[in-house]
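Visitor: Structure of the sequence below:
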Amino acid sequence: MSLPDSAPQRRVLADRLEAAGALKSPKWRAAVEAVPRELFLNPGVFLPVDGGRWRPVTALGTASEEWLQIAYSDQSLATQLDGHLTADQAAEPVTGVPTSSSTTPVTVVGMIEELEVEEGQTILEIGTGTGYSTALMCHRLGEDNVTTVEVDPEVAARADSALEEAGFSTWTVTGDGLLGHPARASYDRVIATCAVRRIPYTWVRQTKPGGIILATIGSWPYGTGLAKVTVNEDGSAEGRIIGRSSFMQARSQAATPLAGDLSARTAYADTERPAKVPPSLLEEWMPAFLTQLTIPGARFVRASDRSGAPLLYLFDAERESFAAFTEDCSGWTVRQGGPVALWDRIECAIGAWQDAGQPDIDAVQLDITERAHSYRIGERAALRWEHLLA
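Guide: As a prediction, the model looks like this:
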């Protein structure tokens, strides 16, 4: 299919990104106006429809005007489901979990602006995905200064094809991005386009002193934060969470959905009491982030009983502990089991956060050493967390 020139759509996109405050520098604007996003969506995308399903839309099966409208819309576009399914392999709406996507342009451009790159600097990108962000960085810095790593060989092959069609000869390194890329000793910038539970120290080692690492931290699909840290001469790194951010989990860290009878998993509780803080608060972004800081392995699960009444659960497989919640006319009741009283700890953290005035996620400071990740909000002991590295 021969598409019309998308230069007008690219200029309009740049205007929108600039108005939104994501696009700030002329050189990145030049990259946005030069790189055709539609090249990085082949063979097609999945658009959400009712019932939790996805409607396949292919470049070859869609009118050119509609395809460009999709390509330059302000939304993330799923390009793969369940680790293998692409839009050209489905004729009707399907169910599935997105495992690769073209992230919304405002997020992509906002992140690469935060890298504060300068001419001649080198970038390591973890998670090539469609290759659109790779192309923007190649246009800005030159393809020899961009190394990109993708764990999925099929995704990498499609990205390479799109990059070549866009005029770039950089090639994707296939492998586990959490291990970095040992071919080059150090980079000026490291950016991850997937979420990680914590920044691997490997990335710190591969970043030059004074260099910046940008990555989304968290293991939930929401309640995650964009960390921006600068590497020090002594091999440590420090910075903060600069805002909310949501990316797919790195493949090697993606959690397997809990299966089986959840009531059986929580049958034997050690304590039962009224909840001081409603567990429904965990559906909000900052309390969810605080929960992940307090219990890094926490899994929050929503369910319902046979009558349709809500049931909420927290599980921590590493500590073999759980908290189960039920609601009635008097409020929420929590039952806890295992060696760690999960909800006691979370209530303490959320209470301290509320007493501190409920600061947003950009108040979180972060320090990284080879031994641990340390997070803090202000000087309160209850708002300090240390995650030891295995």
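Visitor: Was I right to think Val340 contacts Asp316?
Guide: Yes. Assessed by CB atoms under 8 Å, Val340 is found in contact with Asp316 at 6.7 Å. Backbone N, C-alpha and C define where each C-beta goes, glycine included.
Visitor: joint contacts of these two?
Guide: Common neighbours of Val340 and Asp316 (criterion: CB atoms under 8 Å, 6 or more residues apart in numbering): Ile295.
Visitor: give me the low-pLDDT residue ranges for this protein?
Guide: 1-3, 177-185, 259-260, 390 (pLDDT under 70).
Visitor: mind checking the SS state of the residue nearest the centre of it?
Guide: Geometric centre of the chain, nearest residue: Phe247, 2.1 Å, by CA atoms, centre = their mean. When classified by DSSP: H, G, I helix; E, B strand; the rest coil, Phe247 comes out as coil.
Visitor: From Val97, how far out is it?
Guide: To Val97, Phe247 is 14 Å away according to CB to CB, to the nearest Å.
Visitor: Please enumerate the strands of the stretch 201-350 of the chain.
Guide: All strands of the stretch 201-350 of the chain, identified by DSSP state E, counting those that start in this stretch, fall at 207-217, 225-231, 237-244, 271-274, 299-304, 310-316, 321-328, 331-337.
Visitor: Figure out which of those is closest to Thr193.
Guide: strand 207-217 (8.5 Å; CB to CB).
Visitor: Identify the residues contacting that closest one?
Guide: With CB under 8 Å, 6+ apart as the test, strand 207-217 has contacts from 111, 114-116, 126, 186-192, 194-199, 203-204, 224-233, 237, 241, 245-247.
Visitor: Next up, the contacts around the closest residue to Arg299 other than its chain neighbours.
Guide: Among residues not flanking Arg299 along the chain, Phe315 sits closest, at 4.5 Å (CB to CB, 6 or more residues apart in numbering). Applying CB under 8 Å, 6+ apart to Phe315 gives the contacts Leu258, Arg265, Ala298, Arg299, Val301, Ser321, Phe322.
Visitor: Would you enumerate the residues in contact with the second one?
Guide: Okay, so that is Arg265. By CB under 8 Å, 6+ apart, the contact set of Arg265 is Leu258, Tyr313, Phe315, Phe322.
Visitor: hang on, the earlier thing: make a ChimeraX selection of the buried ones in the contacts of Phe315.
Guide: Remark: buried members of those, expressed as a ChimeraX selection using 16 or more other CB atoms under 10 Å:
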select :298,299,321,322
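Visitor: Format the contacts of Phe315 as CSV; extra columns: distance to Thr122.
Guide: Formatted as CSV, the contacts of Phe315 follow (distance: CB to CB, whole Å):
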residue, distance to Thr122
Leu258, 41
Arg265, 47
Ala298, 36
Arg299, 37
Val301, 42
Ser321, 44
Phe322, 46
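Visitor: what's the closest of the contacts of Phe315 to Thr172?
Guide: Nearest member of the contacts of Phe315 to Thr172, counting by CB to CB, is Arg299, at 31.6 Å.
Visitor: residues contacting the closest one?
Guide: With CB under 8 Å, 6+ apart, Arg299 has these contacts: Ala255, Leu258, Tyr313, Leu314, Phe315, Asp316, Ala317.
Visitor: What distance do you get for the residue lying closest to Asp344 once chain neighbours are set aside to Ala87?
Guide: Closest residue in space to Asp344, ignoring its immediate chain neighbours: Gln336 at 7.3 Å, by CB to CB, 6+ apart. Noted for Gln336: a distance of 45 Å to Ala87, by CB to CB.
Visitor: Name the residues linked to the residue nearest to Asp344 by a beta bridge.
Guide: Judged by DSSP bridges, the bridge partners of Gln336 are Thr271, Ala323.
Visitor: Was I right to think it contacts Arg345?
Guide: No. Between Gln336 and Arg345 there is no contact under CB under 8 Å: 10.2 Å.
Visitor: Tell me which residues touch Gly351, please.
Guide: Going by CB under 8 Å, 6+ apart, Gly351 touches Lys276, Val277, Ala382.
Visitor: For burial, what's the neighbour tally of the first one?
Guide: Applying other CB atoms under 10 Å, we find 14 residues neighbouring Lys276.
Visitor: quick one: the residue nearest to it when sequence neighbours are not counted and Pro310, what's the gap?
Guide: Spatial nearest neighbour of Lys276, excluding adjacent residues (CB to CB, 6+ apart): Glu347 at 5.2 Å. Glu347 sits at a distance of 19 Å from Pro310 (criterion: CB to CB).
Visitor: the more surrounded of the two?
Guide: Glu347 (18 against 14).
Visitor: pretty sure Pro4 is in a strand, no?
Guide: No. Using three-state DSSP, the secondary structure at Pro4 is coil, not a strand.
Visitor: My guess is it contacts Ser64. True?
Guide: Yes. Using CB under 8 Å, Pro4 makes contact with Ser64 at a distance of 5.8 Å.
Visitor: Compare the two (neighbour count), which wins?
Guide: Ser64 (14 against 11).
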